[in-house]
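[1] Take a look and give me a structure for this.
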Amino acid sequence: MNTELFELACQAAILVTPKSSVGTLSEHRLHSAIKYYVQPDMEFHEVRVDGFICDAVREDGEVLEIQTGAFFPLRKKLERLLPSHPVTVIYPVVTEKRLLVTYEESGECSIRKSPKKATSYNAFAELYRIRDYISNENFHFRMISVTCDEHRLYLGTKDGRKPFQKPIKTERIPVSLVGDVCFYNMKELRSVLPADLPENFDTKILSDMAGISRDLAGITLRVTTELGITEVACVMGRRKIYRFCGD
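    Numbers count the residues shown, from 1 in each chain. Below is the predicted model:
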């Protein structure tokens with residue numbers, strides 16, 4: 001983890017991100033900062049590889065793909081690239097953010113801390129979308145945890161805002177680097193799970209110990225089972241009991 005490099009990457013993102021991108025690509029600034037962080041040399045940005053424009057490449061040919069949204073759109077690119085190229089999918093995890101809200105007509109502003117916090121477990125929900133590819137030896141995964149300021153611009157005034165009204169512009173701006181972990185061997189994802197899980201466990205036990213929902217616990221175990229980290233030890237009615245492989 002290089003906090004100094006991350007700060008420089010955030011500054012570079014401000015300089016190169018056109019103002020028109022705000023709202024058009026709602027996470028463009030975050031995406032751009034991460035790109036400069038993982039590959040500071042602009043010469044290796046937006047490179048065409050086997051017919052696809054990739055976010056960045058390393059000098060040794062490794063493809064770097066930054067995905068701030070859902071992973072499903074990566075499927076076609078991974079299918080084409082993985083047979084012949086190492087590909088690292090980079091997932092920014094926003095562990096904390098402030099919401100900075102502005103109303104266009106009145107100019108009213110407010111700042112508050114968002115109650116929503118992402119964790120490493122959110123990555124499993126995205127990995128599940130590309131589960132057909134994550135066992136490939138050329139597939140690597142990197143989680144970069146950050147804090148952000150999320151700027152939202154609404155039409156009208158605060159008092160006139162309608163329920164469930166969506167902002168007309170949104171931009172997430174990275175503030176600080178919290179963590180940076182790369183999994184070149186996907187079985188290393190075992191380290192994300194609680195170290196004190198019992199020998200046999202189910203989604204409820206994982207949910208309780210990890211502090212996540214039952215649904216996310218279920219998706220997490222489907223991904224770890226796909227990777228050979230966990231396996232189904234037995235089935236009790238509709239309840240699956242898991243254990244770590246090799247234990």
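[2] how about the nearest residue to Ile53 once chain neighbours are set aside, what does it touch?
    Leaving aside its chain neighbours, Ile53 sits nearest to Glu46 (5.8 Å; criterion: Cβ to Cβ, 6 or more residues apart in numbering). Any C-beta I mention is one placed from the backbone N, CA and C, and that applies to glycine too. Residues near Glu46 by Cβ atoms under 8 Å, 6 or more residues apart in numbering: 53-56.
[3] what are the bridge partners for Lys97, then?
    Cys148 (DSSP bridges).
[4] low-confidence ranges in this structure?
    Where the chain drops to pLDDT under 70, the residues are 16-27, 247.
[5] in it, which spans are helices?
    Per DSSP state H, the chain carries helices over the ranges 3-16, 28-38, 75-81, 122-129, 203-210, 214-226.
[6] nearest to Val181, of these?
    Closest to Val181 of the helices of the chain is helix 122-129 (Cβ to Cβ; 10.0 Å).
[7] Now do the closest one: distance to the chain's middle.
    9 Å (Cα atoms, centre = their mean, to the nearest Å).
[8] Put the alpha carbons of that helix into CSV.
    Extracted in CSV, the C-alpha atoms of helix 122-129 (Å, rounded to 0.1, in the frame of the first residue of the first chain):
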residue,chain,number,x,y,z
ASN,A,122,-19.1,-7.1,-1.2
ALA,A,123,-16.5,-8.3,-3.6
PHE,A,124,-17.8,-11.8,-3.4
ALA,A,125,-21.2,-10.7,-4.8
GLU,A,126,-19.4,-9.3,-7.8
LEU,A,127,-17.1,-12.3,-8.2
TYR,A,128,-20.1,-14.5,-8.4
ARG,A,129,-21.2,-12.7,-11.6
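[9] Export the helices of the chain to CSV and append columns for mean neighbour count.
    Below are the helices of the chain laid out as CSV (neighbours: other Cβ atoms under 10 Å):
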stretch, mean neighbour count
helix 3-16, 15
helix 28-38, 24
helix 75-81, 17
helix 122-129, 20
helix 203-210, 17
helix 214-226, 19
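[10] Could you save those as a markdown table and add columns showing distance to Asp159?
    Listed next are those as a markdown table, based on distance: least, Cβ to Cβ, whole Å:
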| stretch | distance to Asp159 |
| --- | --- |
| helix 3-16 | 33 |
| helix 28-38 | 30 |
| helix 75-81 | 45 |
| helix 122-129 | 34 |
| helix 203-210 | 40 |
| helix 214-226 | 37 |
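[11] Glu188 is nearest to which of the ones you listed?
    helix 214-226 (11.3 Å).
[12] can you pull out the strands in this structure?
    45-49, 52-57, 63-66, 87-103, 109-113, 139-154, 169-183, 230-236, 239-244 (DSSP state E).
[13] Tell me which of those strands sits most buried.
    Mean neighbours per residue, mean count of other Cβ atoms under 10 Å, is largest over these for strand 63-66, with a mean of 23.
[14] what's Pro40 in contact with, if anything?
    Counting by Cβ under 8 Å, 6+ apart, Pro40 touches 5, 8-9, 12.
[15] Can you give me the distance of the most centrally placed residue in the chain to Tyr37?
    Most central in the chain under Cα atoms, centre = their mean is Tyr91, positioned 3.1 Å from the mean C-alpha point. Tyr91 is 13 Å from Tyr37, where distance means Cβ to Cβ, to the nearest Å.
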